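Novice: Using only what follows, build the 3D model:
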Amino acid sequence: MTATLIGYARCSTDEQDLTAQRQILLGLGVADERIYLDHGLTGTNRARPGLDQALAAVRAGDTLVVPKLDRLARSVPDARDIGDSLANRGIKLSLGGTLYDPTDPMGKMFFNILATFAEFEVDLLRMRTREGMAVARAKGKLKGKKPKLTARQQGELCRMHASGDYTIADLAELFTVSRPTVYRVLDRAKAQQSA
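Specialist: Next up, the predicted model:
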């Protein structure tokens, strides 16, 4: 029985394109029908159907080919778990054409360093995103969700509720919003009056 190359590629958002990763895998000798993909799923999400299919497709003696380690896993524990699982099943792991050998101390160290860098990149991205959101919030550009009702509609809702002629369910139906939204509008109005 001949060894097979199974490819796996992933991108985190729907806007990203998998063409470059697919070309790398094809260039490394993976047949197009043996490439499994996850589109719009982060590496920290372990529930990845494409990865599950790729892991199910590889057999002892086969090689799982990934363009870069950060496409396979974005944390050291996850990378170690996948790497150890493949090694225990007799499956080789190729990272961008470089074969990872879990029995070789240098290979193991190299793999752990790559996994650490992949995790570092994710942490750095999260930190930059948080910082960017804080700056945007401070400048008033990040205001949260837009209210479901305009200020005028909220005023009318409060007036109708104060009349005592309408129940919360009636108001929710009339303004086509949920009951929790009605409660939030009324609570906000009370807070503004008491302030």
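
Novice: any low-confidence regions in the protein?
Specialist: 1, 14-15, 41-46, 195 (pLDDT under 70).

Novice: now do 90
Specialist: Within the chain, the ranges that satisfy pLDDT under 90 run 1-3, 10-19, 38-49, 68-84, 87, 96-126, 129-130, 132-148, 188, 190-195.

Novice: Please, where are all the helices along it?
Specialist: Here the chain has its helices, by DSSP state H, at 19-27, 49-57, 69-72, 76-88, 105-138, 151-163, 168-174, 179-194.

Novice: Who are the packing partners of the second one?
Specialist: Put plainly, it is helix 49-57. strand 5-11, strand 35-39, helix 76-88 (3 or more Cβ pairs under 8 Å, 6 or more residues apart in numbering; DSSP states H and E). C-betas here are computed from N, CA, C, even on glycine.

Novice: any chance of the ones you listed in a markdown table, plus mean neighbour count and distance to Thr98?
Specialist: Supplementary listing: the helices and strands packed on helix 49-57 in a markdown table, determined by neighbours: other Cβ atoms under 10 Å; distance: least, Cβ to Cβ, whole Å:
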| stretch | mean neighbour count | distance to Thr98 |
| --- | --- | --- |
| strand 5-11 | 24 | 14 |
| strand 35-39 | 20 | 19 |
| helix 76-88 | 16 | 13 |
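
Novice: quick one: which of the ones you listed is nearest Gly107?
Specialist: Checking those against Gly107 by Cβ to Cβ gives helix 76-88 as the closest, at 9.9 Å.

Novice: Now for Val66, how many residues are close by?
Specialist: 26 (other Cβ atoms under 10 Å).

Novice: quick revisit: return the most buried member of the helices of the chain.
Specialist: Highest mean neighbour count among these (mean count of other Cβ atoms under 10 Å): helix 69-72, with a mean of 23.

Novice: how far does that one sit from the chain's center?
Specialist: Averaging C-alpha positions (Cα atoms, centre = their mean, to the nearest Å) puts helix 69-72 13 Å from its chain's average.

Novice: Residues contacting that helix, please?
Specialist: Helix 69-72 is contacted by residues 8-10, 21, 43, 51, 66, 79, 82, 95, 111, 114-115, 117-118, 121-122 when judged by Cβ atoms under 8 Å, 6 or more residues apart in numbering.

Novice: Now do stretch 163-170: distance from first to last residue.
Specialist: 13 Å (Cα to Cα, to the nearest Å).

Novice: can you list contacts of that stretch?
Specialist: Applying Cβ under 8 Å, 6+ apart, the external contacts of stretch 163-170 come out as Met160, His161, Leu174, Arg179, Val182, Tyr183.

Novice: Understood, closing this out.
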